[in-house]
Structures are given as structure tokens and as C-alpha cells.
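Q: Requesting a structural model of the entry that follows:
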Amino acid sequence: MARDKYLEVRAIENGTVIDHIPVDALFKIVNIMSLDRDRHRMTIGMNLESERIGSKAIIKITDRYLIKEEIESIALVAPNARVNIIKGFKVAEKLRVSLPKKIKGIVKCANPYCITNNESVRTSFDVIDEGGEIALKCRYCEKTTLHNEIELFM
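A: Here you go, the predicted structure:
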């Protein structure tokens with residue numbers, strides 16, 4: 001069937017669409033944004049066809065707009081995702097996710113002896129570039145965690 005003959009996921013009138021999510025990052029984004037507790041109507045699609053990345057995931061949230069910190073958090077697990085602001089069934093704004101300079105509270109420090117793993121201290125990391133790969137440097141113990149080692153709080 002020709003691609004333009006059907007929609008895999010229904011359009012929304014107003015809200016936010018997070019698109020081009022790698023399938024393995026979908027539930028990480030759901031966790032980061034606490035979407036399991038969000039009361040807005042939403043559609044979550046997984047293993048959808050994508051010309052650019054093969055298979056993708058998408059999240060559509062009706063009547064909710066993301067704040068800057070949420071968009072930056074998405075970049076941590078899906079650096080090539082796109083965020084579209086929808087108004088009146090049309091894309092009003094297209095945003096690229098981008099990494100912040102600091103990440104607080106959503107990532108666990110990899111150092112088991114770090115104060116954040118032993119006392120009720122919120123984690124805080126500086127985002128650094130390790131030869132083209134992102135890494136996080138703990139602001140307390142200075143442990144550097146590479147992108148593939150990042151563990152989110154669940």
C-alpha cells in the first residue's frame with residue numbers, strides 16, 4: 001500500500017509530537033518524562049516505518065507542551081529526535097533536541113561510592129564530549145560515565 005494512503009498514527013489538534021525516536025529509547029523517554037503518570041491523552045507508537053532510521057517510535061501528547069528541560073533530557077537518550085509543536089492540526093514549530101550543559105536528577109552516578117548513591121543528594125552532571133560521544137561527569141565525585149553506561153533512575 002502506498003505510504004501516502006494511510007496514517008499509522010492519528011493526528012492531534014494541539015500538543016506535542018516527539019518523533020524519530022529510536023525504538024530502544026522509547027521507554028527511557030516515557031520514564032524521563034514520567035508519562036506513565038501524565039493524565040493528558042497520548043498516543044505511543046513503536047516499530048513504525050521510517051525512511052531515515054528504518055524503524056522508529058513516536059509519542060503524541062494532546063494539549064501538553066514540553067518545557068526546555070524535558071527537551072534537553074530527551075537528547076540524552078535520543079539525540080536525533082524531533083519535537084513538533086502542533087496547533088490547529090498543523091506543525092507550528094519544529095524543535096531539534098539538544099544536550100544541555102548540565103543534567104540533574106535523572107541519571108544515576110556510576111560510582112557506587114559517590115555521595116549521591118549513599119545519601120539523599122540529587123545527582124548533578126556536566127555534559128562533556130568524549131571524542132564525538134557524549135559523556136557525563138559527576139559534579140560530586142568527578143566520575144565520567146560514557147553514553148553507553150548511562151543508567152537512568154527508574
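Q: Please count neighbours and contacts with C-alpha atoms only from this point.
A: Noted.
Q: Can you give me the neighbour number for residue 17?
A: If you count neighbours by other C-alpha atoms under 10 Å, residue 17 ends up with 26.
Q: again but with residue 66, I slipped
A: Count around residue 66 with other C-alpha under 10 Å applied: 16.
Q: doesn't residue 17 make contact with it?
A: No. Between residue 66 and residue 17 no contact is recorded; they are 9.7 Å apart, counting by C-alpha atoms under 8 Å.
Q: Could you break this protein into its assigned domains?
A: Domains of the chain are assigned by automatic domain parsing as 11-96, 102-152.
Q: could these go into CSV alongside mean pLDDT?
A: Formatted as CSV, those follow (pLDDT from 0 to 100):
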stretch, mean pLDDT
domain 11-96, 91
domain 102-152, 90
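Q: List the buried residues for the lengthiest helix in the chain?
A: If you go by DSSP state H, the chain has its longest helix at helix 68-77. The neighbour-count check on helix 68-77 (16 or more other C-alpha atoms under 10 Å) flags 71, 72, 73, 74, 75, 76, 77 as buried.
Q: swap in stretch 109-116?
A: 109, 110, 114, 116.
Q: can you tell me how far the closest residue to residue 133 other than its chain neighbours sits from residue 67?
A: Spatial nearest neighbour of residue 133, excluding adjacent residues (C-alpha to C-alpha, 6 or more residues apart in numbering): residue 147 at 6.8 Å. Per C-alpha to C-alpha, to the nearest Å, residue 147 is found 23 Å from residue 67.
Q: Sort out which one of the buried residues of helix 68-77 lies nearest residue 126 for me.
A: For the buried residues of helix 68-77, the closest approach to residue 126 (C-alpha to C-alpha) belongs to residue 76, at 12.1 Å.
Q: Now do the contacts for the closest residue to that closest one other than its chain neighbours.
A: Distance criterion C-alpha to C-alpha, 6+ apart; nearest residue to residue 76, sequence neighbours excluded, is residue 99 at 6.5 Å. Taking C-alpha atoms under 8 Å, 6 or more residues apart in numbering, we find residue 99 in contact with 72, 73, 75, 76, 79, 127.
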